[in-house]
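J.: With the sequence up front, the predicted model follows.
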Amino acid sequence: MNNRLRRCALVATLVGAVWWTAASAQSWDDLSANQQKLLAPLQERWDDIPEARRQRLARGSERWDQLSPEQRDNMRRRMERWENLSPERRAQLQAQFERFQEMTPEQRAQLRDTQRRFRNLPPERQRRLRERFNNATPEQRQAFRERALERREKLRDMTPEQRQQMRENWRNRGSKQKETE
């Protein structure tokens, strides 16, 4: 009797899981009129799109409805830029995104801080840094990354006064380099 009860429970569980999966499937008719309008290019192949992707598309279309006109224009420009990228560049950016997703929250914060500091540099300084990095060998780039990591770790251990002194030293060093150029 126990085995029969277990089998019935298993069958009920499986039937429930199948029903729940079917019920949760995002069909085209479940979408709002605005979502259907936005996702119209996908209508013909909607049923062929994996369920997880359909749900992401549906959620994205809901968010789109909540954007301001300026935000929508910005998103359109970003999508156009993405579409105009070569397949190689898209793959490269996707790989970078995946590496970012694998980072710890602390590493992500460090990267964002580094990007913020880079954006705040004068354009000429940004150009020189990019040029220097792009002309470096892979080994030199790796050594640069390692030195940057070491500097960040040292900075973390410094007092605010020590950090300020270091910044002043860097500024003085930078102005001396400009004088020699």
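T.: Structure received.
J.: Could you measure from R56 over to N172?
T.: 51 Å (C-beta to C-beta, to the nearest Å). In this view, the C-beta of every residue, glycine as well, is placed from N, C-alpha and C.
J.: Return the helix or strand in the protein with minimum mean pLDDT.
T.: Scoring the helices and strands of the chain by mean pLDDT, DSSP states H and E places helix 2-24 at the bottom, with a mean of 47.
J.: Let me know the average pLDDT across the next helix or strand after it.
T.: Sequence order places helix 33-38 as the next helix or strand after helix 2-24, per DSSP states H and E. Averaging pLDDT along helix 33-38 yields 88.
J.: List the buried residues in helix 33-38.
T.: Going by neighbour count (16 or more other C-beta atoms under 10 Å), the buried part of helix 33-38 is Q35, Q36, L38.
J.: Stretch 37-57: which residues count as buried?
T.: The neighbour-count check on stretch 37-57 (16+ other C-beta under 10 Å) flags L38, L39, W46, R54, L57 as buried.
J.: what about it, start to end distance?
T.: 13 Å (C-alpha to C-alpha, to the nearest Å).
J.: Now tell me what touches that stretch from outside.
T.: The contact list for stretch 37-57, computed with C-beta atoms under 8 Å, 6 or more residues apart in numbering, reads S24, A25, Q26, S27, W28, L31, Q36, A58, S61, W64, D65.
J.: Now the buried members of the residues you listed.
T.: Neighbour counting by 16+ other C-beta under 10 Å classes Q26, L31, Q36, A58, S61 among the contacts of stretch 37-57 as buried.
J.: Can I get those residues in JSON lines including distance to R130?
T.: Converted to JSON lines, the buried ones among the contacts of stretch 37-57 look like this (distance: C-beta to C-beta, whole Å):
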{"residue": "Q26", "distance to R130": "43"}
{"residue": "L31", "distance to R130": "44"}
{"residue": "Q36", "distance to R130": "44"}
{"residue": "A58", "distance to R130": "39"}
{"residue": "S61", "distance to R130": "37"}
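J.: and these, which two are the farthest apart?
T.: Put simply, by C-beta to C-beta the two of the buried ones among the contacts of stretch 37-57 set farthest apart are Q26 and Q36, 11.8 Å from each other.
J.: Grab the most central residue of this protein for me.
T.: Nearest to the mean C-alpha position of the chain, by C-alpha atoms, centre = their mean, lies F97 at 4.7 Å.
J.: where does it fall, phi/psi-wise?
T.: phi -60, psi -40 (degrees, to the nearest 10).
J.: I'd like the distance between it and R167.
T.: Taking C-beta to C-beta as the measure, F97 and R167 are separated by 32 Å.
J.: cool, and Q36?
T.: 55 Å.
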